[in-house]
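> Could you work out the structure for the sequence below:
(one chain, ligands or ions: 1)
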Amino acid sequence: MQIQEQYMEQARRLHQTCPVADAHLDLAGELLLHVNNGEREVLRRHYLDELREGGFNLIVSSVYLENEYLPEMGLRKALDQIGVLLEELDQNEEFLLVKNVRDLDRALEEDRIGVLLYLEGMDFIGTDFRLLRTLWEVGVRGASLTWSRRNALASGCCVASKRIPVPGGLTDEGVEAVRRMEELGMFLDVSHLNDDGFEDVCAVASRPFAATHSNSRTIYFNYRNLTDEQMQKLAAQGGVIGLNGCRFLVGRDQGEEALDWLCSHLEYMAASVGADKVGYGFDFCDAYDDARAGGTRKKNHNDCLVSHCHVPELTAALLQRGMPEEDVKGVIGGNWIRYFRQVLPK
Ligand SMILES: [Zn+2]
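Model (predicted):
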């Protein structure tokens, strides 16, 4: 779709005056890749301008581990990612680590970019739940039980992404992990969890859980996306769903058509569960892949949007297609801010 200038202006104004959040970015891992490539001040050099242009106030950074580091190198790589993120935050006053609601409010009041740290899969801690406490102390405030793998806690949907469903719910240890996380005050993310696991989480979780980066399975069939029933259950218990910008989950490659498809996912989710239960969780991964390849790889292959500074184009598309401004304000960040105000420690 062609975006009309009046909607672009409206979107830019909203992004500069209202809270804007991205609930999923592999930021910590990407920072480590850059630092290991010999770079310094990576946040300032690679992120600051784009995030400012997009008006972002909150980035939820995963600690994501690639298969090659598991199991032996997992804990070390995870701590290394967290260490680099903390160093980068120390060096850059425009960012701050969000460990509680006070930090979140500070990020908004002082117009800084809050970074909230969470684990994308707990493969690297096995069933050593005491490590959750250790990770809490260094700022980790949430986790998903598994990435698209099977581990000691649950099964993910890696094979499912090939349209083969993975059966089997949470293990006893997985149920225990949810309990320990809730005791600490960590939020739970169900993106990547398989369908049986989702049902088990619904049965055992007592605090609102979220899906930080998943789309609608009705709009595009992929087991990484949520069914209508799953979205309704998630929303009913107070969770928020983040729109994923990866072409494998959107169903279209980059370009004008992709913008329409992103809107279709988001509008469908909003119509199914309420516009106050959806947000952005783009999972931008081209820059990560680029950093992993030492900058030699061609950019913009998997992401439907080029980067954070292009997000207002999606917001403008939603406005142009008729979403009311009040709903859009929630989608771009208000809904995630409300969710994290509820689940983070005061
Ligand atoms: Zn993911």
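
> And what about Phe284, helix, strand or coil?
Recorded secondary structure, Phe284: coil (DSSP: H, G, I helix; E, B strand; the rest coil).

> Please report how far it lies from Glu257.
19 Å (C-beta to C-beta, to the nearest Å). All C-beta spots, glycine's among them, are computed from the backbone N, C-alpha and C.

> So for these two, which residue has more residues nearby?
Phe284 (25 against 14; other C-beta atoms under 10 Å).

> ok now do the more buried one, which residues does it touch?
Listed by C-beta atoms under 8 Å, 6 or more residues apart in numbering, the contact set of Phe284 reads Asp22, Leu25, Gly245, Asp303, Leu305, Ser307, His308.

> List just the nearest of those residues to Gly114.
Asp22 (11.0 Å; C-beta to C-beta).

> For the helix or strand hosting the closest one, which helices and strands make contact with it?
Under the criterion of DSSP states H and E, Asp22 resides in strand 21-25. With contacts taken as 3 or more C-beta pairs under 8 Å, 6 or more residues apart in numbering; DSSP states H and E, strand 21-25 sits against strand 58-63, strand 241-243, strand 278-280, helix 335-343.

> switch to 7 Å and redo it
strand 58-63, strand 278-280, helix 335-343 (3 or more C-beta pairs under 7 Å, 6 or more residues apart in numbering; DSSP states H and E).

> looking only at pLDDT, what's the mean for the second one?
Pointing back at strand 278-280 there. Averaging pLDDT along strand 278-280 gives 98.

> Can you give the strand pairings for it, parallel or anti for each?
The pairing partners recorded for strand 278-280 under DSSP bridges are strand 241-243 (parallel).

> Give the next helix or strand downstream of the strand it pairs with.
From strand 241-243, the next helix or strand downstream (DSSP H and E) is helix 247-250.

> what are the ranges of the strands in this protein?
Taking DSSP state E as the test, the strands found in the chain are 21-25, 58-63, 95-97, 113-120, 140-144, 187-189, 241-243, 278-280.

> For these, please prepare JSON lines with the additional fields mean neighbour count.
Output for the strands of the chain, formatted as JSON lines (neighbours: other C-beta atoms under 10 Å):
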{"stretch": "strand 21-25", "mean neighbour count": "29"}
{"stretch": "strand 58-63", "mean neighbour count": "25"}
{"stretch": "strand 95-97", "mean neighbour count": "19"}
{"stretch": "strand 113-120", "mean neighbour count": "25"}
{"stretch": "strand 140-144", "mean neighbour count": "25"}
{"stretch": "strand 187-189", "mean neighbour count": "25"}
{"stretch": "strand 241-243", "mean neighbour count": "29"}
{"stretch": "strand 278-280", "mean neighbour count": "29"}
